[in-house]
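Colleague: Dropping a prediction and its sequence here:
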Amino acid sequence: MRKAILFFVCILCFAGTQASIRGLNPDYAAQYSGDGGVFKCFDGSKVVPFSRVNDDYCDCPDGSDEPGSSACAKGRFYCRNKGHEAKLLSASFVDDGVCDCCDGTDELRGCANTCLEKSAGRLIELKQKVASYGDMLAKKANYVEQAAARRKEWGARSHTIDAEIRAKLDVVEAARAEKLRAEEQNTARVEVEKAARSAEEERRRLVREERLAEEERMKQVAAAAADLAGGNEQDTPSEGEVGGHVEETAEERGRRIASQWTTDPDAAASQAEGLGESEQHEEFDEGEQDEDEQPEELEDEEPLPYVQAPAHQLKMDSEWEDFMKFVDLLVGYTRRWMDWFKMVFREGIARDVKERRKAALERRHGSGPAAYRHGSQRNYRVQQMQADEQEQMLRQQQQQAPAPAEVSAELREATQILTDVETELATLHKDKSDMEKYQAHSFDYGPDNIFFPYAGRCFVDNGNRWAFEVCFFDKASQMEANSHNNKVNLGTWRGFSEGYTTALFDGGDACANAPQRSMRVYLQCGAEEILHSGSEPSTCVYQSAFVTPLACTHQEHQSIMTELQQLLSLQAEVQAEIAAAEKDEL
Amino acid sequence: MIRWIVSSAIFAIYLLELSSGFKEHEFKKCKDTGFCRRHRTKSGPKFDVLHETASVSGHELRATLRNMDAGKTFNLIVRAHSSGTIRLLLDEDLDPSVTNGTRYRISPEDSVTLPSFETTVTPWKTISKTTKDIVVVSGDVQVTLTFAAFKMLVVVKGKPALSLNSKGLFDMEHFRLKEEGVECDGCWSETFLQFTDSKPHGPEAMSLDIAFPGFEHVYGLPEHATSFALKPTVGGEPYRLYNLDVFEYLDSSPFGLYGSIPMMVAHKVGLTIGVFWLNAAEMFVDVSKEGSNTATQWIAESGIVDLFIFTGPGPAEVQQQYAEVTGPTAMPQQFSVGYHQCRWNYKDEADVHLVDSGFDEHEIPYDVIWLDIEHTNGKRYLTWDSHLFPKPIELQNDVASRGRETVTIVDPHVKRDHSYYIFQEAQSEGYFVKNPQGGDFEGWCWPGSSSYLDVTNPTVRAWWAQQFALDKYQGSTEHLYIWNDMNEPSVFNGPEITMQKDLIHHGNVEHRDVHNLYGLFYHMGTAEGLTLRGYQTHGEDGDRPFVLSRAFFSGTQRVGPIWTGDNTADWKHLAVSIPMLLSLGVTGLPFSGADVGGFFGNPDAELITRWNQLGTYYPFFRGHAHLETQRREPWLFGEPATSRIRAAIRERYALMPYIYTLFRHANISGQPIMRPLWFEFPDAKELFHVEDSFLLGSAILVSPVLQQGVDNVDLVLPKGARWFNAHSGEETQGAGKPVKTKVDMESIPVYYKGGSIVPRRERPRRSTRMQMKDPFTLIVALDGNWSAAGDLYLDDGRSFAFLRGQYTHREFKFEGLKLRSAVHNSGSAVVTSVGSWAPAQDLEVERVVFLGLPKTGKGYTARMPDGTEVSLEAGAASTKFSQAENAWVLRQPKLGVDADWVVELVAHK
């Protein structure tokens, strides 16, 4: 079968007069008529006997005498690729053993004809697209209604929003007062309990101090032993010994030198105990303790290759010491989480967190408009992290049970309510600012304002390490896919171009030796909104494709139907030719 | 406002501080180093040869040397070798009561030198012996050993070539017990920054005083980013040989970099000699000029004196003599002579596919895609980041389907992680370098806390080699090759970013003795791994290893190529790459290159274009870039840069037959690939200092553009030869005088030397593998007598079958208007048989271009072997010579490459 196909290929290339010139682009067939027995180089530099066409020797500097061999550096080989797309191939790829043309004509030694397979994918794609195009157009029409409805809603609400905000402010005030009252009550209660507890606390403190002193003593003994042995002076310069001057530890030096080479902490192990990429991913997903979450006190000692789980520690020492160590550990964890939170808030994810809570509140109360979601991927991650964190907190609370409650149930509730109403207030402010920012006259929302529903909406791709975020009518950015940290501004909204098929962002963050960052988003017709993975085709110039029903057009509908018809008939043709060639060979 | 300005200024200073590059204070100078302070420019104690002990027995001149102040004796042996090499061995006569240590010596079993060299000894003939001296002769070489005070003079063909201890700087310390109250500067312990070297063996340094009478120029001693002809060091720092990972090294400094070869070449009109001290300890070398003489002082911290004097008498002979001791360059994988595309880091599989297809899309050939440290799972080498590279085997096979290979990085630091199999096995077997207390040494590198394989131990190397088997290295294929980085070794938290000297290696050897060898041993173990894998996957003819290393020592040439480390994207680093590579060329390590484009920083379109135009002629041609630089694949600078870079890389591939043949010469006789001009014009004094142009082999002169924005360069073409512009074919007049030559951005000045025949393959393919069946073009550039000669070596480009004679080596000669093809006579004792590589029978010459034929108004006819006559054509499309008046082309002669034939030219009357 395979052989038959190959044979067929060669029949094609040597049959007929014009087609007998291998690799000939039919557009230039007239120049290869062989009239007068000569061939004239396209660039006019030479006239050579026609027998020199495709004789595997380069006569014309422009390569025109060798359309079908690899002899000329500038030669171009045409493959028809019937049933798929025609291709102009560099002569250097002719007869090099790699099948570049799906019809196999670029390799005399033989390649299977894969054009039908190549077009099979396109065929399926076309069929699917044709089948669903009607729905997509309907969806698009729906957007016009959405846009109108939203504008109407905003129009009406613009008169009431200030009143809503004032009303909410009152609620917030009330909640604040309620919380204050609960706090005072709680403080009074705590004072009483504290007095009762202080004696016990004092006893625990003494025990703990003794333990720490013992550990310090052990450390010093170990350090002295190492000093004596003379090998690792640089490893443990004791702070006390150098009169307040803190010397670099071996690890600090390692990290510092590593950071000379790169500011990328992942690459240099210069900041945190180097975790493998994959470990990071996994740990992120699971949210379990990892090396990062070890309390710092432990990290300062010998690097621990394994996570020391609390349960493991409990077995090791006497129960009381274990308990105290465990408390230390929890303090460490909590601090880690607080740091993490601070970081997340700083980076602006606070908005998402608040919205999530607000949504929860609204669900609870069964009222209020659904909050706009900002990129499903991103929300999912935040939820994951939140869930992990809550689980963690819960665990800690349970384990902390032996300690007396610092906060009454009443105060907790009051705090929660205050947080919720503050969040609601923030949302109202956001609504107000959105309404002001995305007023009807602010931007070109396209015919029938069809893009208006995208105002204030962001879409994030599923980049592996770096993610792109596109906020229509606002800006485009790039950030770390996991943490959404290190956001880089790729440009602010510049508008649509090419008949609303491209969205442009420019004037982003500066780039060394290159223009300011900019991004181009190509809109493609499709059923659901999806932002495809972005790329950087040249330095600091980014691009991505955004799938949306809004890019679907009646013209495209027509043209894909035509293409499908053509492809189907071509397919039948090629199949018939292959069958005929097989029969010939037999 | 003022406050704003002040704070901005402070911030700017802070940034400067951060990015100021080379951290000089992190590294030692002579004054920070006890053994250098003790010996530099200081006369040693009086050493005498005890005259009654001096005797000749066969090939050895033996004598006892005595430190007359300390009464301590040393054993001296001077041997003659048949190739004209003199070897001087000097070891301590150990006092049994001093149990402080023994001197480390590199023996032939260490695979640093070739055991076969030991058998080439040849007898001395004693000319005279008195109570003052003894004179012995072997061949053209005469050695006079003067007894009091100790001195040695080497005379070659009646010309003084080298004298030892003529200035009395010679010294050799001896082992002693530590005595309280006896002053000894830095002998028993010394501290640099926060690091203390415990020095349990006390002083054991040596100082050699080597003078070159009548030589004004000395070269070699890599690796330093400095001039090719070594500048005097008086008043400055000596050249330092100590393998170090230097962050942002300077472009002009005697400072020691990643590798060390203690080999120096001295050249003058009529004589070239070489000196090689086989010693891997830290070394400082001073150079001073006194009139027309050059004097040098070599100070090493430990080990023995094992000094080789190569007596030439020509530059080629010195290279051959050095190759006899340390081995010639390994025959490389042909793909490794192509263009390599590297970056820290091609971030994932999609990125690799994008870069790979970018080359095809832009029709630029390339052979290898490289993956830096980020491809691993947390810097655990021999593993993959499963998110970024989930399907490494499919990836490599896909790249290979278009005739290309993949390289991954593997470094000697091993992450201390008990769940990492390499760490687990190496730790349980005790394969790590030890600290003085006997525990595994722990240092800090990319993965964080790490231990280091003790590759000085052959058992460890053998174990390491096994790790590269396909079933061991998960995700590897036969198309995967290796890159060894950080093998100086680099230890981020160690003194000078390396290991402390009192660490302990196999056999209770201190790190101080083997420091400069560590990188070679690691490189060797890795390459051995690929060789083993090759036999497992390819059967009896195996697969040549390809392992790039950053650290090196003498002998590295037998293992694989090196590159000049982390250079910078500026014009100075572009320029200094030439003297750096020339130095490696004349010290036996020709397979080397500098990162094209510069590792740190961002080259602009002009710099990257010029760098590629030069890189075309580097023996090792790789583009590389730092993690935090902008992407710079060849097509990212837009037109016209893309076309210019494409032309440069395509030219590399066109020259592949010529360059691969040069590798064969390096492999047979240790000849450099990139050569200083004086190498081919040894009597032209005006060329002795030239380092801005060079020769590729003997036939091609390259004069790169090393300055920004220039439209002409000052060019000196050596006199005594005809030169043909390689781009136009025009003969250039005025050899011997500086000529202002116009340059544009399209190319750099390159010339064929008259008298050469250069084989080329003009079809720009995807990769070297895709060129294998293409026909050849012969460029016949004639000398003043209308003669020319050249050769062509061919084999399968990848296996060891050439060792079984499966190669074709042809010689082309043009004389009396006759072009003749015959078997090449290697003239080498190593290669005696005539090879035969079957696929060569299908290869043809498609074009012969004659440059510089006698002028004739009417042209030439070629009388072909079958008796037919063919007219030569003027110029030819694809060799760019259509403009040249005196370029004549024999079109499609269909001459078999592997056949003997004669084509005779007849001038039309």
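Modeller: That came in fine, so what should we check first?
Colleague: Ramachandran angles for the closest residue to residue B:31 other than its chain neighbours?
Modeller: Of all residues not flanking residue B:31 in the chain, residue B:37 sits nearest, at 6.3 Å (C-beta to C-beta, 6 or more residues apart in numbering or on different chains). To be clear about C-beta, it is placed using only N, CA and C from the backbone, and glycine gets the same treatment. Per-residue torsions, residue B:37: phi -60, psi -40 (degrees, to the nearest 10).
Colleague: Please verify my assumption that residue B:37 contacts residue B:190.
Modeller: No. Look at residue B:37 against residue B:190 with C-beta atoms under 8 Å: they stay out of range, at 9.6 Å.
Colleague: remind me, longest helix of chain B?
Modeller: helix B:511-538 (DSSP state H).
Colleague: by contact count, what packs against that helix?
Modeller: With contacts taken as 3 or more C-beta pairs under 8 Å, 6 or more residues apart in numbering or on different chains; DSSP states H and E, helix B:511-538 sits against helix B:458-466, strand B:480-484, strand B:504-505, strand B:547-549.
Colleague: CSV for the ones you listed, including distance to chain A, mean pLDDT and mean neighbour count?
Modeller: Formatted as CSV, these follow (distance: least, C-beta to the nearest C-beta, whole Å; pLDDT from 0 to 100; neighbours: other C-beta atoms under 10 Å in any protein chain shown):
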stretch, distance to chain A, mean pLDDT, mean neighbour count
helix B:458-466, 21, 98, 18
strand B:480-484, 16, 98, 25
strand B:504-505, 10, 98, 20
strand B:547-549, 18, 98, 26
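Colleague: Looking at these, spot the one closest to residue B:184.
Modeller: strand B:504-505 (23.2 Å; C-beta to C-beta).
Colleague: Report how many residues lie close to residue 582.
Modeller: I'll assume chain A. 15 (other C-beta atoms under 10 Å in any protein chain shown).
Colleague: Correction: the question concerned chain B.
Modeller: Residue B:582 sits with 27 neighbouring residues when counted by other C-beta under 10 Å.
Colleague: Can you point out the buried residues in the host helix or strand of it?
Modeller: Here residue B:582, judged by DSSP states H and E, is contained in helix B:571-585. Neighbour counts over helix B:571-585 (16 or more other C-beta atoms under 10 Å in any protein chain shown) mark B:571, B:573-585 as buried.
Colleague: can you pull out the strands in the stretch 301-450 of chain B?
Modeller: Under the criterion DSSP state E, counting those that start in this stretch, the stretch 301-450 of chain B carries strands at the ranges B:305-310, B:339-341, B:368-371, B:405-409, B:413-415, B:443-445, B:448-452.
Colleague: Serialize the ones you listed to TSV and add fields for distance to residue B:739, mean neighbour count and mean pLDDT.
Modeller: Below are the strands of the stretch 301-450 of chain B laid out as TSV (distance: least, C-beta to C-beta, whole Å; neighbours: other C-beta atoms under 10 Å in any protein chain shown; pLDDT from 0 to 100):
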stretch	distance to residue B:739	mean neighbour count	mean pLDDT
strand B:305-310	35	24	98
strand B:339-341	31	26	98
strand B:368-371	38	25	98
strand B:405-409	42	24	98
strand B:413-415	51	26	97
strand B:443-445	51	27	96
strand B:448-452	53	26	97
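Colleague: Format those strands as a markdown table; extra columns: distance to residue B:672.
Modeller: Compiled in a markdown table, the strands of the stretch 301-450 of chain B are given as follows (distance: least, C-beta to C-beta, whole Å):
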| stretch | distance to residue B:672 |
| --- | --- |
| strand B:305-310 | 14 |
| strand B:339-341 | 21 |
| strand B:368-371 | 23 |
| strand B:405-409 | 25 |
| strand B:413-415 | 33 |
| strand B:443-445 | 34 |
| strand B:448-452 | 33 |
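Colleague: now for these, which one comes closest to chain A?
Modeller: strand B:443-445 (2.4 Å; C-beta to the nearest C-beta).
Colleague: So residue B:219 belongs to a strand, correct?
Modeller: Yes. Counting by DSSP: H, G, I helix; E, B strand; the rest coil, residue B:219 falls inside a strand.
Colleague: what's near enough to touch it?
Modeller: B:228-230, B:264-267, B:582-583, B:586, B:676 (C-beta atoms under 8 Å, 6 or more residues apart in numbering or on different chains).
Colleague: between the buried residues of helix B:571-585, which is closest to residue A:181?
Modeller: The closest of the buried residues of helix B:571-585, once distances to residue A:181 are taken by C-beta to C-beta, is residue B:573, at 71.3 Å.
Colleague: Would you agree that closest one is in contact with residue B:252?
Modeller: No. Under the criterion of C-beta under 8 Å, residue B:573 makes no contact with residue B:252, lying 10.2 Å away.
Colleague: Pull up the overlap in contacts between those two.
Modeller: Common neighbours of residue B:573 and residue B:252, counting by C-beta under 8 Å, 6+ apart, are residue B:225.
Colleague: The biggest strand by length in chain A: partners in the sheet, and parallel or antiparallel?
Modeller: Ranked by residue count and defined by DSSP state E, the top strand of chain A is strand A:488-497. Paired with strand A:488-497 in the same sheet, following DSSP bridges, are strand A:475-480 (antiparallel), strand A:502-506 (antiparallel).
Colleague: Now do the domain split for chain A, please.
Modeller: A:16-112, A:456-557 (the TED database).
Colleague: now those domains in a markdown table, with mean neighbour count and mean pLDDT?
Modeller: Below are the domains of chain A laid out as a markdown table (neighbours: other C-beta atoms under 10 Å in any protein chain shown; pLDDT from 0 to 100):
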| stretch | mean neighbour count | mean pLDDT |
| --- | --- | --- |
| domain A:16-112 | 19 | 91 |
| domain A:456-557 | 18 | 88 |
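Colleague: Any idea which of those domains gets closest to residue A:144?
Modeller: Taking C-beta to C-beta, domain A:456-557 is the member of these nearest to residue A:144, at 9.8 Å.
Colleague: And the strands in the stretch 701-850 of chain B?
Modeller: B:712-716, B:723-725, B:731-732, B:738-742, B:750-753, B:756-760, B:776-781, B:788-795, B:807-815, B:818-823, B:844-851.
Colleague: ok, residue A:137 to residue A:125 distance?
Modeller: Distance, residue A:137 to residue A:125, using C-beta to C-beta, to the nearest Å: 18 Å.
Colleague: my bad, should have said residue B:82
Modeller: For residue B:82, the distance to residue A:125 - C-beta to C-beta - is 75 Å.
Colleague: tell me the domain boundaries of chain B?
Modeller: Chain B breaks down into these domains under automatic domain parsing: B:33-221+B:261-326, B:341-654, B:677-907.
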